[in-house]
Each structure stands twice: as structure tokens, then as C-alpha cells.
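*Asks:* Need coordinates for the below:
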Amino acid sequence: MTTNKLDDYQLVQDFINGNKKSIETLIKRHKSKVYTYILLIVKKEALAEDIFQETFIKVIKSLRKGKYQEKGIFVSWVIRIAHNLIIDHFRKAKHLRTLSSEDSDVDIFNSSKFSDSNIEDKMIENQIANDVRKLIDLLPEDQKQVILLRHYGDFSFKEIAEQTGVSINTALGRMRYALINLRKLIDEKNLSLTRV
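*Replies:* Take a look at the predicted model:
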């Protein structure tokens with residue numbers, strides 16, 4: 001029997017019993033869901049790939065040590081591990097983000113990268129991105145999911161349909177309603193989402 005036909009629980013047991021192919025099947029089966037979850041939070045592909053790899057290294061180590069008990073869905077357990085690794089990453093990044101001009105031979109505050117117009121443009125872009133992200137969080141869950149997968153996860157509508165278990169037309173409809181609702185929210189909150 002090929003590993004593709006086994007369910008997650010059987011694959012886990014198979015891996016614990018020494019079949020390395022089983023973990024490969026589990027990774028392939030859940031790669032899209034786990035990777036997308038990570039990418040939606042960290043927003044950088046290279047970082048998402050690193051955390052994805054770390055996640056499955058930890059999954060393998062945990063399975064070998066017998067730390068996985070079948071209490072729920074395997075992929076939810078994997079996503080919890082990914083989530084904890086993301087939190088660890090942001091804690092480390094925050095800790096390392098203390099920058100002083102004394103640490104560098106170059107005067108970083110006199111650099112063209114930090115010229116007024118660039119900083120101002122970047123601040124405006126960040127503010128617009130933050131405002132849009134807050135508005136997306138106010139949408140109904142199904143509409144929010146489509147927008148996140150499409151614009152932050154770069155999924156095609158076919159992939160969105162497969163991921164969410166709906167037809168392509170339903171995915172397109174949800175996107176349409178999400179955009180209509182976003183426009184309403186922008187009007188209600190009297191937001192300007194353009195650079196002056």
C-alpha cells in the first residue's frame with residue numbers, strides 16, 4: 001500500500017515505526033497549508049521557508065521522542081509548532097533590533113537611504129498598509145480568508161478554492177464582496193489610502 005493512501009494518523013505511526021517515506025508524504029500533504037500560514041504572518045518568503053523547515057525538523061524530532069499524542073488533527077499540531085517558532089523569531093528580532101550610530105563606521109543618519117522624502121514615503125506606505133490590514137480584519141471570516149490568500153499569500157483563485165473547499169465562483173464572489181465591504185469601511189471611517 002502506498003503512503004499516499006494512508007491517513008495522517010497511519011502515516012505518523014508508520015514513521016514512528018521507521019518508514020521515512022511517511023514523513024515525506026505528510027510534509028507534501030500539508031506543505032501548502034502550513035507554509036501559507038507562516039507566510040501570512042511573517043510576510044517574507046525566505047523567512048517563511050526557513051521557519052517552515054524549522055517546523056518540520058521540530059515535528060520529526062518530536063515524533064521520534066514520542067511527544068505527539070493523537071489528540072486532534074495532525075496539521076493543527078504542526079501549525080501550533082510553526083506558530084511558536086514564529087513567536088520565537090519575533091522575540092529574537094525585537095531583542096536584536098537595537099541600532100546605534102556608534103556601532104557603525106558610517107553615519108547611518110546621514111545616509112541617502114534615510115533622506116527625508118524616503119522616510120516620509122516609507123512611513124506613509126506603512127501607514128496605508130496598516131490601515132488596510134486593520135480593515136481586512138473587520139471583514140467576515142470567509143471574505144478575510146480570500147483576501148489574505150490572494151494578496152498576501154499570492155494564491156490563484158483555483159488554489160484558494162481548493163484550500164478553502166469551495167468552488168472557484170464562490171471564491172471569486174467572496175473576493176467581490178470583500179472589496180465592496182472594504183470600500184464601505186473606507187467611506188465609513190473616512191480614510192485616505194493614497195499618498196498626497
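
*Asks:* how does this structure divide up, domain by domain?
*Replies:* The chain is divided into the following domains under automatic domain parsing: 3-96, 111-188.

*Asks:* so can I have CSV of these showing mean pLDDT and mean neighbour count?
*Replies:* Backbone N, C-alpha and C define where each C-beta goes, glycine included. What follows is the domains of the chain, written out as CSV (pLDDT from 0 to 100; neighbours: other CB atoms under 10 Å):
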stretch, mean pLDDT, mean neighbour count
domain 3-96, 86, 15
domain 111-188, 79, 14
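
*Asks:* Show me what the host helix or strand of Ser22 packs onto, helices and strands only.
*Replies:* For Ser22, the host element (DSSP states H and E) is helix 20-42. When contacts are defined as 3 or more CB pairs under 8 Å, 6 or more residues apart in numbering; DSSP states H and E, helix 20-42 sits against helix 8-16, helix 45-64, helix 74-96, helix 157-164.

*Asks:* Minimum distance to Leu138: which of these has it?
*Replies:* Nearest of the helices and strands packed on helix 20-42 to Leu138, taken as CB to CB: helix 157-164 at 19.4 Å.

*Asks:* In contact with Leu63, which residues?
*Replies:* Counting by CB atoms under 8 Å, 6 or more residues apart in numbering, Leu63 touches Val12, Phe15, Ile16, Ile23.

*Asks:* Which of these sits closest to Ile86?
*Replies:* Comparing the contacts of Leu63 against Ile86 with CB to CB places Ile23 closest, at 21.7 Å.

*Asks:* Verify the contact between the closest one and Ile60 for me.
*Replies:* Yes. Look at Ile23 against Ile60 with CB atoms under 8 Å: they come within range, at 6.2 Å.

*Asks:* So what angle separates the directions of the helix or strand where Tyr177 lies and helix 157-164?
*Replies:* For Tyr177, the host element (DSSP H and E) is helix 168-188. Counting by axes from the mean of the first three to the mean of the last three CA atoms, to 10 degrees, helix 168-188 lies at 90 degrees to helix 157-164.

*Asks:* which residues sit against helix 168-188?
*Replies:* 132, 135-136, 138-140, 142-147, 150, 157-158, 160-161, 164, 166, 193.

*Asks:* Looking at these, which are in helices?
*Replies:* Among the contacts of helix 168-188, the members falling in helices (DSSP state H) are 132, 135-136, 142-147, 157-158, 160-161, 164.

*Asks:* Same list (the residues you listed) but as JSON lines, adding distance to Phe56.
*Replies:* As requested, these are exported to JSON lines (distance: CB to CB, whole Å):
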{"residue": "Val132", "distance to Phe56": "32"}
{"residue": "Leu135", "distance to Phe56": "34"}
{"residue": "Ile136", "distance to Phe56": "29"}
{"residue": "Asp142", "distance to Phe56": "29"}
{"residue": "Gln143", "distance to Phe56": "31"}
{"residue": "Lys144", "distance to Phe56": "27"}
{"residue": "Gln145", "distance to Phe56": "24"}
{"residue": "Val146", "distance to Phe56": "27"}
{"residue": "Ile147", "distance to Phe56": "28"}
{"residue": "Phe157", "distance to Phe56": "28"}
{"residue": "Lys158", "distance to Phe56": "26"}
{"residue": "Ile160", "distance to Phe56": "24"}
{"residue": "Ala161", "distance to Phe56": "26"}
{"residue": "Thr164", "distance to Phe56": "23"}
